[in-house]
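got a sequence here, can you model it:
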Amino acid sequence: MLKFNRRQAIGTLSAATAVGLAAPAYATGKKITVGALRFTSHSGSFIAFERNYFADAGLEVELKFFQAAQPMAVAIASGDVDYAVTAISGGLVSLADKGAIKVIGGALSEEPGIDGQKILASDAAFQAGLTAPAGLEGKSFGMSTAGSSFHYMGSKVAAAEGVSMSFKPLQKVGAIIGALKSGQIDAWSIVPHIAKPLAGSGAVHIIGNIADYLPDYQVTTVFTSASNASEEKALTQDYLTAYSKGVADYNATMIAKEGGDAGVDAMVDLIHKYVYTDRPREKAAPSIINGTMRLNEGAKLNVSSVADQLAWFQSEGLVDADISLDTLLDTSYVETVGS
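Next up is the predicted model:
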């Protein structure tokens, strides 16, 4: 955990007061906990932590890791986590309806020209003819829980292809991977840093791209408690500013390649502290690089994609039909598109 000493805190506060700026967030004496998954798509948080962008904004941050979106939403609602990045789930929407959660920004979107989430088939299903999403009729599709992003993506693909398939809840990403590799489920969709190594092993095959079905899909969002969004505006803006600096570094290095190969190597070293930590660096690096997707600059939020997700949750009876976008979103912090 990063900490400021008293002298640093007083010095920075004095400087802020002298020029008429708002005092940094740590003047409130609050520490924050940031929730994350060990995915490359969460690199904005890792970079902001490692490069002291959170500390520079006056935030004392602890990173807390989860294995699925739903528990992270519960942790925000309970106050165990202050800010987090994850996919919108039915559970998150229901907690927003109870006044516990607000989505305040976007984290990762499908984008034309950027390699995105893959649709996978088990080797057994592939050998039996599941070589394209059109062949999903009667097949089983893995998901963490009902109302998860996996459930949403699979349903959208099935609807577009005019097929019917079953969904198997397996709670954790690791369990889904195991079920797919062993043929206990037929298909799944996941980010490329997981999809490509699985396909390279021969136990799993890539049969399509989510972007072909959801071209501007807001895959993950930045969210916090409703009380933080409404009552801790300076703190929330400080968090978003620091997080966005991490995102900008990631995009400049991994997408624009502004630092060349050396920059990519240094970024891989940083990310490897959090992603594929059980693998040696040389084996983790290709997967980390393969997982490169542009993160949302400035936490820009695609409101129309969120609206589509909310409508799907409602059509499936997973959340109340009268929940509005305003219940779920606080769009006062970031730029929005598609609204």
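
just to be sure, Ala321 is in a strand?
No - read with DSSP: H, G, I helix; E, B strand; the rest coil, Ala321 is coil and lies in no strand.

what's the closest non-adjacent residue to it?
Distance criterion Cβ to Cβ, 6 or more residues apart in numbering; nearest residue to Ala321, sequence neighbours excluded, is Gln314 at 5.0 Å. C-beta coordinates here come from the backbone N, C-alpha and C atoms, glycine included.

okay, the nearest residue to Gly147 once chain neighbours are set aside and Pro169: tell me how far apart.
Closest residue in space to Gly147, ignoring its immediate chain neighbours: Gly90 at 2.4 Å, by Cβ to Cβ, 6+ apart. To Pro169, Gly90 is 12 Å away according to Cβ to Cβ, to the nearest Å.

neighbour count winner among those two?
Gly90 (25 against 15; other Cβ atoms under 10 Å).

circling back: now the residue nearest to Gly147. Its backbone dihedrals?
The phi/psi pair for Gly90 (degrees, to the nearest 10) reads phi -60, psi -40.

what is the burial count for the residue nearest to Tyr274 when sequence neighbours are not counted?
With Cβ to Cβ, 6+ apart as the criterion, Tyr274 has its nearest non-adjacent residue at 4.9 Å, and that residue is Phe46. For Phe46, the count of nearby residues is 23 (other Cβ under 10 Å).

what of the one 10 residues further on?
For Asp56, the tally of surrounding residues (other Cβ under 10 Å) stands at 15.

can you tell me how far the nearest residue to Lys172 once chain neighbours are set aside is from Ala100?
Closest residue to Lys172 in three dimensions, ignoring its sequence neighbours and counting by Cβ to Cβ, 6+ apart: Gln67, at 4.6 Å. Applying Cβ to Cβ, the value for Gln67 to Ala100 is 21 Å.

can I get stretch 204-215 in CSV? Just the C-alpha atoms.
In CSV, the C-alpha atoms belonging to stretch 204-215 read as follows (Å, rounded to 0.1, in the frame of the first residue of the first chain):
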residue,chain,number,x,y,z
VAL,A,204,-9.8,-24.9,-27.7
HIS,A,205,-10.5,-23.2,-31.1
ILE,A,206,-11.4,-19.6,-32.0
ILE,A,207,-14.6,-19.6,-34.1
GLY,A,208,-15.6,-16.0,-34.2
ASN,A,209,-15.3,-12.5,-32.8
ILE,A,210,-17.7,-10.7,-30.5
ALA,A,211,-17.0,-7.4,-32.4
ASP,A,212,-18.8,-8.9,-35.4
TYR,A,213,-22.0,-9.1,-33.3
LEU,A,214,-21.5,-6.2,-30.8
PRO,A,215,-19.1,-3.8,-32.6
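
can you tell me what sits against it?
110-112, 116-123, 126, 130-133, 135, 153, 156-157, 160, 180-181, 187, 189, 195-196, 198-199, 217, 305 (Cβ atoms under 8 Å, 6 or more residues apart in numbering).

of those residues, which belong to strands?
Of those, the ones assigned to strands by DSSP state E are Lys118, Ile119, Leu120, Ala121, Ser122, Ala187, Ser189.

common neighbours of Gly90 and Pro169, please.
Ala146.

wait, Leu63 sits on Ser45?
Yes - Leu63 lies in contact with Ser45 (Cβ atoms under 8 Å); the separation is 6.7 Å.

my guess is the residue nearest to Ala321 meets Asp320, correct?
Yes - using Cβ under 8 Å, Gln314 is in contact with Asp320, at 7.5 Å.
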